[in-house]
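Trainee: how does the following fold in three dimensions:
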Amino acid sequence: MLRTDSTGFGDIKVIQKKGYGYGVDAVLLAAFAAGETGASAAASVSRDDEGQKFIYAADLGTDCGIVAFVFSHKVPGSKVLGIEKREEAAARAREAAELSGLQDRVSILTADVADIACGRFDAGTGLFDAVLSNPPYFRKDAAIPSAASDRYTARHETTAGIKDFAAAASVMLKRGGNFWLVHRPDRLVDIFAALRSADLEPKEMQLVCPHPGEPANIVLINAVKGGGPELRMLPELAVHTQDGGYTQEILRIYERLRN
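Mentor: Numbers count the residues shown, from 1 in each chain. All right, here's what the predicted structure looks like:
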């Protein structure tokens, strides 16, 4: 069963399966790349037919399209290509883009990140200013498969792992382009190794914890293709206050605070 949900970001809607939806990590990734959490915002580099600058971005493993949609909302001068290997999910994202009035700015391509990484599929070599990704967090066979196959695929590396996502991003990015990634802190060694092997140098990192004083369970990373070695740590974010509500920072990112 499917449901259509309003996101609270303008008129943006997503189509999701009941019992499974996007999380705060997807929204944090879009806000991180938009410069809302203290990172350097994605820069407008490409030019349209009239010579106007815009950001050409890709979202690897777009699923319902939430990262692509929220990024396009937060960065008006952007065009986003969402890449999703499952045609059923890609079709839902295309429909949601039309429902949200984003069909001229967000397009969805059905392709496997692993095929892009090894050159079997060309999604646009060296064309993109920015690539974003909320990839599967857990290693292949790290847990018993869930009865909901979409949930298992979203959470576990199946055909593509972190090395493939990094390699695909490097192939698609222009020199100096940014790869924006959300993942788990316990995979940091794997992440940094994969990034450097793909000529993507980590430049900014931000940890996110459930409540103030608790260990971080989300990490946001900005890597630059061909960048020099220097990593800047950004202030840690907390999602919830001690009483269980959202922090002011998260409410601002979700655009729930009035000016």
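Trainee: sec struct for the closest residue to residue 78 other than its chain neighbours, please.
Mentor: Take residue 78 and drop its neighbours on the chain: the residue closest to it by Cβ to Cβ, 6 or more residues apart in numbering is residue 55, 4.2 Å away. Heads up, the C-betas are built off the backbone N, CA and C, glycines and all. When classified by DSSP: H, G, I helix; E, B strand; the rest coil, residue 55 comes out as strand.
Trainee: can you check residue 51 too?
Mentor: Secondary structure of residue 51, reduced to three states by three-state DSSP: coil.
Trainee: what's the neighbour count on it?
Mentor: The number of residues packed near residue 51 is 6, by other Cβ atoms under 10 Å.
Trainee: ok, so what distance separates it from residue 75?
Mentor: Plainly put, residue 51 is 19 Å away from residue 75 if you go by Cβ to Cβ, to the nearest Å.
Trainee: and residue 19, by the same measure?
Mentor: Here residue 19 is placed at a distance of 31 Å from residue 75 (Cβ to Cβ).
Trainee: and if you look at residue 200?
Mentor: Distance, residue 200 to residue 75, using Cβ to Cβ: 21 Å.
Trainee: how about residue 206?
Mentor: Distance of residue 206 to residue 75, given as Cβ to Cβ: 18 Å.
Trainee: cool, and residue 59?
Mentor: 12 Å.
Trainee: just residue 29 next, same as before
Mentor: Remark: distance between residue 29 and residue 75 (Cβ to Cβ) = 13 Å.
Trainee: neighbour count for those two, which is higher?
Mentor: residue 29 (26 against 22).
Trainee: hang on, that one packs against residue 180?
Mentor: Yes: with contact defined as Cβ atoms under 8 Å, residue 29 counts as touching residue 180 (6.3 Å).
Trainee: need the residues touching each of those two.
Mentor: By Cβ atoms under 8 Å, 6 or more residues apart in numbering, residue 29 and residue 180 have these common neighbours: 132-133, 220.
Trainee: ok, so of these, who is nearest residue 257?
Mentor: Closest approach between those and residue 257, by Cβ to Cβ: residue 220, at 20.7 Å.
Trainee: burial of the closest one, as a residue count?
Mentor: Count around residue 220 with other Cβ under 10 Å applied: 24.
Trainee: other SSEs contacting the host helix or strand of it?
Mentor: Using DSSP states H and E, the secondary-structure element containing residue 220 is strand 218-225. With contacts defined as 3 or more Cβ pairs under 8 Å, 6 or more residues apart in numbering; DSSP states H and E, the packing partners of strand 218-225 are helix 24-33, strand 173-183, helix 188-197, strand 200-209.
Trainee: count of neighbours near residue 253?
Mentor: Based on other Cβ under 10 Å, the number of other residues close to residue 253 is 24.
Trainee: do I have it right that it meets residue 27?
Mentor: Yes: proximity of residue 253 to residue 27 meets the contact threshold set by Cβ under 8 Å, at 6.4 Å.
Trainee: what sits in contact with each of these two?
Mentor: Counting by Cβ under 8 Å, 6+ apart, no residue touches both residue 253 and residue 27.
Trainee: any low-confidence regions in the stretch 151-259 of the chain?
Mentor: Confidence mapping of the stretch 151-259 of the chain against pLDDT under 70 gives the ranges 151-159, 258-259.
Trainee: how far does stretch 72-92 sit from its chain's centre?
Mentor: Averaging C-alpha coordinates over stretch 72-92 and over its chain gives two centres that are 10 Å apart (Cα atoms, centre = their mean, to the nearest Å).
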